[in-house]
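Q: For reference, the sequence and a predicted model appear below.
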Amino acid sequence: MRFPILILALTLGSSFAVAGKVKKGVTQAAKLSGGSGKLGQKEAGEFQVQHSDEFKGAKRIGISVFNVAFPDDNFTTAHMHKKLMGNSGSWDAKVSMQTTLEGVDTATRQRIADAAYADFTEELKKAGYEVVEGQELAKVTPEYAGWTALPNFTKGRFGTYVAPTGHGLYFLPLDKASRDTGSFKGETAQMFRGFDRPQAYGRSPYLAHDANLGIVAVTLVIDYGVYSTTGKSSRVREGAAVGFEAGVSAQSGTLGDTGTLVYFWGPKSGGFPGVLALAVPVVSEQEFAEVSKGSSVVVKADPARFEKAALEVSKRTAAKLVEAMTAAR
């Protein structure tokens, strides 16, 4: 049976009593930002959606990118600070947690990536999409054959990135960036992230236009746990807390700090994709590892059990992604 690991830190410059709170079941980078309407974004069930009109009318689509990212470690921090009135001092609370995954080899990750891609294409076809894949996509969009692929198993923002067998590995926005682990909820330098335009993101709308079809780019983040944190705050009478519970999951995110997501460009996108950002993690309840306790957590996975749980997660996530696409269509 899994038990959540919770760390609470209290440091006071006054006599205030502090009670710790933590939001359960939300990944470190997966806070719903709240509100709607900004830049055409809205919340739709388990997703945050931007430019949803881009999905409308799509029937024939090509997959330019399908990345499965596997975090190898994570560092989570919560920090609360407030100066108190008068000369009564200040209120501080800060706590961190390091987690590391062990035991999952490259062959296991490749099988998971291959199965995840198969799940996604199967769901697309069941939903009535005509899917243009691999060599066929290169024939109808010759530019695609000349893209510069990264070596498979390249390290990126979420850890190890894996492309399905026979497909190239291409980074999307933020994949070269470092994770925001300082409890800022993705706000640090967020205004500059929109200028990140790697080849696969910048050229996918051209593929859509030239071949007169929709182009899909997917990142699926298969994580080894669910994190929680009180984040960064100046609220008094609340402790800083971080938590972790082992569980193979599709990591979620927001439109500002993405995790698992879909980009979609139609033939007349103008370069701006429709975006589906998974906002609630998809978690397997299957046991898969031994977990240490403390501020430094080591998750020692059984690779066969990790794979079994990951396949469950990829299948469920594929269904959710395609369901959200068709709802916007």
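A: All right, it came through fine.
Q: distance between the host helix or strand of residue 100 and the chain's centre?
A: Counting by DSSP states H and E, the element that carries residue 100 is strand 90-102. A distance of 21 Å separates the centroid of the chain from that of strand 90-102, by C-alpha atoms, centre = their mean, to the nearest Å.
Q: With stretch 133-140 instead?
A: Worked out by C-alpha atoms, centre = their mean, stretch 133-140 lies 27 Å from the chain centre.
Q: Show me the contact partners of that stretch.
A: 62, 63, 64, 121, 132, 144, 145, 166, 167, 207, 211, 213 (C-beta atoms under 8 Å, 6 or more residues apart in numbering). (Each C-beta comes from the backbone N, C-alpha and C, glycine too.)
Q: which one among those residues gets closest to residue 99?
A: residue 167 (29.5 Å; C-beta to C-beta).
Q: can you give me phi and psi for the closest one?
A: For residue 167, the backbone dihedrals are phi -120, psi 150 (criterion: degrees, to the nearest 10).
Q: give the contact list for it.
A: Residue 167 makes contact with 66, 117, 134, according to C-beta under 8 Å, 6+ apart.
Q: Mind checking which of those residues land in strands?
A: Using DSSP state E to define strands, the subset of the contacts of residue 167 located there is residue 66.
Q: ok, of the contacts of residue 167, which come out buried?
A: The neighbour count (16 or more other C-beta atoms under 10 Å) marks 66, 117 as buried among the contacts of residue 167.
Q: Nearest to residue 232 among the contacts of residue 167?
A: Distances from residue 232 to the contacts of residue 167, taken by C-beta to C-beta, are shortest for residue 66, at 33.8 Å.
Q: Which residue ranges of the chain form helices?
A: Applying DSSP state H to the chain gives helices spanning 106-126, 134-140, 142-145, 190-193, 199-211, 303-328.
Q: From the contact counts, what lies against the first one?
A: Read it as helix 106-126. Packing partners of helix 106-126 (3 or more C-beta pairs under 8 Å, 6 or more residues apart in numbering; DSSP states H and E): strand 60-70, strand 130-132, strand 159-162, strand 214-229, helix 303-328.
Q: got those as CSV, with distance to residue 150 and mean pLDDT columns?
A: Formatted as CSV, those follow (distance: least, C-beta to C-beta, whole Å; pLDDT from 0 to 100):
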stretch, distance to residue 150, mean pLDDT
strand 60-70, 10, 97
strand 130-132, 22, 95
strand 159-162, 8, 97
strand 214-229, 14, 93
helix 303-328, 21, 96
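Q: Most tightly packed of the ones you listed?
A: strand 214-229 (a mean of 27; mean count of other C-beta atoms under 10 Å).
Q: and that one, C-alpha only, in PDB?
A: C-alpha atoms of strand 214-229 as PDB (Å, rounded to 0.1, in the frame of the first residue of the first chain):
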ATOM      1  CA  GLY A 214      -4.100  19.100 -39.600                       C
ATOM      2  CA  ILE A 215      -0.700  18.600 -37.900                       C
ATOM      3  CA  VAL A 216      -0.500  17.300 -34.300                       C
ATOM      4  CA  ALA A 217       2.400  17.400 -31.900                       C
ATOM      5  CA  VAL A 218       2.100  15.600 -28.600                       C
ATOM      6  CA  THR A 219       4.200  15.400 -25.400                       C
ATOM      7  CA  LEU A 220       3.200  12.700 -22.900                       C
ATOM      8  CA  VAL A 221       5.000  13.000 -19.600                       C
ATOM      9  CA  ILE A 222       5.100   9.600 -17.700                       C
ATOM     10  CA  ASP A 223       6.000  10.400 -14.200                       C
ATOM     11  CA  TYR A 224       6.700   8.200 -11.200                       C
ATOM     12  CA  GLY A 225       4.700  10.100  -8.600                       C
ATOM     13  CA  VAL A 226       2.200  12.800  -7.700                       C
ATOM     14  CA  TYR A 227       3.500  15.900  -6.000                       C
ATOM     15  CA  SER A 228       1.900  18.600  -3.900                       C
ATOM     16  CA  THR A 229       3.100  21.900  -2.600                       C
END
